[in-house]
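Novice: 3D model of this:
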Amino acid sequence: MPRRGLLRVPAWVMTGASGTRTMTSAIPDDHLPRERLDAVVDRHAVLTATLASGPDAETFVRLSRELAELEPVVEAVRAYRAIREELDGVEALLDDPQTDREMRALAEEERGAARARLAEAVQNLRLLLLPRDAADEKSAILEIRAGTGGDEASLFAGDLYRMYARYAELRGWRISVIAASEGTVGGYKEIIAQISGRGVFARLKFESGVHRVQRVPDTEAGGRIHTSAATVAVLPEAEEVDFALDERELRIDTMRAGGAGGQHVNRTESAVRITHEPTGISVVVQAERSQHKNKARAMEILRARLFDRERSARESERAADRRSQVGSGDRSERIRTYNFPQGRVTDHRIGLTLYKLPEILSGEALGEILDALIAEHQAALLAEAGL
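Specialist: Numbers count the residues shown, from 1 in each chain. The predicted structure is shown next:
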């Protein structure tokens, strides 16, 4: 049994009488934009040469970032072209009447494997050619707020936070609570956390919206199913270079942090409220005992919210003509239902239902929903780009 991709094609098969390589119509057309691929490879070569010439520091950093973004695309182009060339040779071998029976059998087997690898390489390249969301590689700010449903909504908000925290742990991300307001019987009225790691926003950005739960509360004597809701917002973490805050547009107030009493009472004004006056967006943080730390945390959240607001406005303009997209990003949009009596979770945007409620809430099967949402989004982008 020959190893995949190791069939050696004689040189005489690869060239015709004139010495030029023989092409065959038997190879399926993959409809990739050849000129765009050439442009990417050429730009990569220019960047490499420019960086090798020793540009100034600012130019070096800027071009290095661009080169890093192009690297995976260029590697994919090279892999695709190598497989395509290999398949050309195999097809030429099969087309040639001089090929003996044994060689033809090997070539038939290799053709199937090469075509499968070519299809995989083409799909990978198509995805890499899609417009990139500049925020995808960023960490994220996760905000969960109890909605309709009173205490049950707060308990559900706690369930959602634990789901994301467990998923983050499984992915090797770091999660830390920035601010939290606990519910009267457990869970959270509101909780804000930072999830740090590469590609966090890309995985979680479609989680923004209203999550609904249907279950029988522990306090319900009649066994009736109650419906409650919580709102999730996932914001890309913004640095100063992404969104600069003008201190003149901020109103900063300090106050005593609330607490349960006893040793937890904060006798100093460590809690901080920062209001962005042009938009009215306000952030309150009192998780730390230090006013300085609370202010820094509040600035992080405020910057993320303003950055997301600006980014969402741009995305809405670009998406105006799209026929389909995975959700609108509207925080009021109901996106998912968690039904406890039936043990199912349904994502309404893509019509996906999984009877894995415990596994999803534990974070272990959440990735199945996220993968489906990302695949749907990529399919819409591919159709829009004509790839």
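Novice: domains of the protein?
Specialist: 11-129, 135-237+342-387, 243-318 (automatic domain parsing).
Novice: just to be sure, residue 195 is in a strand?
Specialist: Yes: looking at residue 195 with DSSP: H, G, I helix; E, B strand; the rest coil, it is inside a strand.
Novice: which residues does it contact?
Specialist: 139-142, 164, 168, 173-175, 204 (Cβ atoms under 8 Å, 6 or more residues apart in numbering). In short, each C-beta sits where N, CA and C put it, glycine included.
Novice: how about a cut-off of 7 Å?
Specialist: 139-140, 142, 168, 173, 175 (Cβ atoms under 7 Å, 6 or more residues apart in numbering).
Novice: just the domains of the chain: most buried one?
Specialist: domain 135-237+342-387 (a mean of 18; mean count of other Cβ atoms under 10 Å).
Novice: from the chain's centroid, how far away is it?
Specialist: With Cα atoms, centre = their mean, to the nearest Å as the basis, domain 135-237+342-387 stands 14 Å off its chain's centre.
Novice: ok, and what's touching the longest strand along the chain?
Specialist: For the chain, the strand with the greatest residue count under DSSP state E is strand 226-236. Taking contacts as Cβ under 7 Å, 6+ apart, the residues outside strand 226-236 that touch it are 135, 138, 140-149, 152-153, 156-157, 160, 201, 204-205, 207-215, 217, 220, 304-305, 307-308, 331.
Novice: in helices, which of those fall?
Specialist: Mapping the contacts of strand 226-236 onto helices (DSSP state H) picks out 152-153, 156-157, 160, 201, 204, 304-305, 307-308.
Novice: and the furthest pair within these?
Specialist: Using Cβ to Cβ, the ones in helices among the contacts of strand 226-236 span at most 33.1 Å, a distance reached by 152 and 307.
Novice: who touches residue 238 in this structure?
Specialist: Taking Cβ under 7 Å, 6+ apart as the test, what residue 238 contacts is 303-304, 307.
Novice: cutoff 8 Å now
Specialist: 138, 303-304, 306-308.
Novice: in a markdown table, list the residues you listed along with distance to residue 291 and pLDDT.
Specialist: Below are the contacts of residue 238 laid out as a markdown table (distance: Cβ to Cβ, whole Å; pLDDT from 0 to 100):
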| residue | distance to residue 291 | pLDDT |
| --- | --- | --- |
| 138 | 27 | 86 |
| 303 | 18 | 84 |
| 304 | 20 | 84 |
| 306 | 22 | 84 |
| 307 | 24 | 80 |
| 308 | 26 | 81 |
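Novice: closest to residue 75 out of those?
Specialist: For the contacts of residue 238, the nearest to residue 75 is residue 138 (23.0 Å; Cβ to Cβ).
Novice: need phi/psi at the closest one.
Specialist: Here is the backbone geometry of residue 138 (degrees, to the nearest 10): phi -80, psi 160.
Novice: could you do residue 276 as well?
Specialist: The phi/psi pair for residue 276 (degrees, to the nearest 10) is phi -90, psi 100.
Novice: quick check: residue 166 touching residue 364?
Specialist: Yes: counting by Cβ atoms under 8 Å, residue 166 touches residue 364, with 7.5 Å between them.
Novice: could you point out the longest helix in this protein?
Specialist: The chain, longest helix under DSSP H: helix 57-95.
Novice: tell me what that helix is packed against?
Specialist: helix 11-14, helix 34-52, helix 101-129 (3 or more Cβ pairs under 8 Å, 6 or more residues apart in numbering; DSSP states H and E).
Novice: partner residues bridging the closest residue to residue 333 other than its chain neighbours?
Specialist: What sits nearest to residue 333 in space, not counting adjacent residues and going by Cβ to Cβ, 6 or more residues apart in numbering, is residue 209, at 4.6 Å. Beta-bridge partners for residue 209, by DSSP bridges, are residue 232.
Novice: could you measure from residue 209 over to residue 347?
Specialist: 10 Å (Cβ to Cβ, to the nearest Å).
Novice: anything in contact with each of these two?
Specialist: 335-336.
Novice: what sits closest to the residue positioned nearest the centre of the chain if chain neighbours are left out?
Specialist: For the chain, residue 202 is the residue whose C-alpha lies nearest the centre (Cα atoms, centre = their mean; 1.4 Å). Nearest residue to residue 202 in three dimensions, chain neighbours excluded: residue 136, at 3.7 Å (Cβ to Cβ, 6+ apart).
Novice: quick check on the one you found: phi, psi?
Specialist: phi -60, psi -40.
Novice: what mean pLDDT does stretch 204-216 have?
Specialist: Across stretch 204-216, pLDDT averages out at 93.
Novice: quote the end-to-end distance of it.
Specialist: Length of stretch 204-216, first residue to last, Cα to Cα, to the nearest Å: 28 Å.
Novice: hmm, back to that, among the contacts of residue 195, which are in strands?
Specialist: 140, 142, 175.
Novice: quick one: residues contacting the residue nearest to residue 210 when sequence neighbours are not counted.
Specialist: In space, and not counting its chain neighbours, residue 210 is closest to residue 334: 4.5 Å by Cβ to Cβ, 6+ apart. For residue 334, the contact set (Cβ under 8 Å, 6+ apart) comprises 209-210, 212, 229, 348.
Novice: 7 Å instead?
Specialist: Here residue 334 is in contact with 209-210, 212, 348 (criterion: Cβ under 7 Å, 6+ apart).
Novice: can you lay out those residues as JSON lines showing distance to residue 188?
Specialist: JSON lines is the format used below for those (distance: Cβ to Cβ, whole Å):
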{"residue": "209", "distance to residue 188": "18"}
{"residue": "210", "distance to residue 188": "16"}
{"residue": "212", "distance to residue 188": "17"}
{"residue": "348", "distance to residue 188": "24"}
